[in-house]
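> need a 3D model of the sequence below.
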Amino acid sequence: MSCAVPVVATTGGALPRWWASAERPGCWSSPTTRRAGRRDPAPLDDEGLRDRLGAAGRERVIERFTWQVTARGTAACYDAILAGGPCRRQ
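You can find the predicted model right below:
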């Protein structure tokens, strides 16, 4: 995601529940379709969609996973603990 490349994953397991939301853009492939030798409709054949998904992923990384964001979250957690409250996830 940090390289603005879209996420492509399988619909098997828990990934769709964890990943699929407006905040976590990506494309999904069915494992049963792949095992049967068929090809899913390829949304990544659409260059505009690829670019939008890649840009959305990159934006998410910048908003949530930079060192600055991590440092602010850590400092906020310390402040909450020192004030006698719980450390909340940002």
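> okay, residue 22: pLDDT?
With respect to pLDDT, residue 22 has a value of 52.
> how about residue 40?
With respect to pLDDT, residue 40 scores 58.
> which stretches in the chain count as helices?
Taking DSSP state H as the test, the helices found in the chain are 15-19, 31-35, 47-64, 67-82.
> next one: residue 79 from residue 87, what distance?
9 Å (C-beta to C-beta, to the nearest Å). Every C-beta, even on glycine, is put in place using the N, C-alpha and C of the backbone.
> same deal with residue 78?
From residue 78 to residue 87 the distance is 8 Å (C-beta to C-beta).
> about what we covered before: so which of the helices of the chain comes closest to residue 2?
Evaluated over the helices of the chain, closeness to residue 2 peaks at helix 47-64, with 4.5 Å, by C-beta to C-beta.
> list the buried residues of that closest one.
With burial defined by 16 or more other C-beta atoms under 10 Å, the residues of helix 47-64 counted as buried are 50, 53, 54, 56, 57.
> could I get these as TSV with distance to residue 6?
Output for these, formatted as TSV (distance: C-beta to C-beta, whole Å):
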residue	distance to residue 6
50	6
53	4
54	5
56	8
57	7
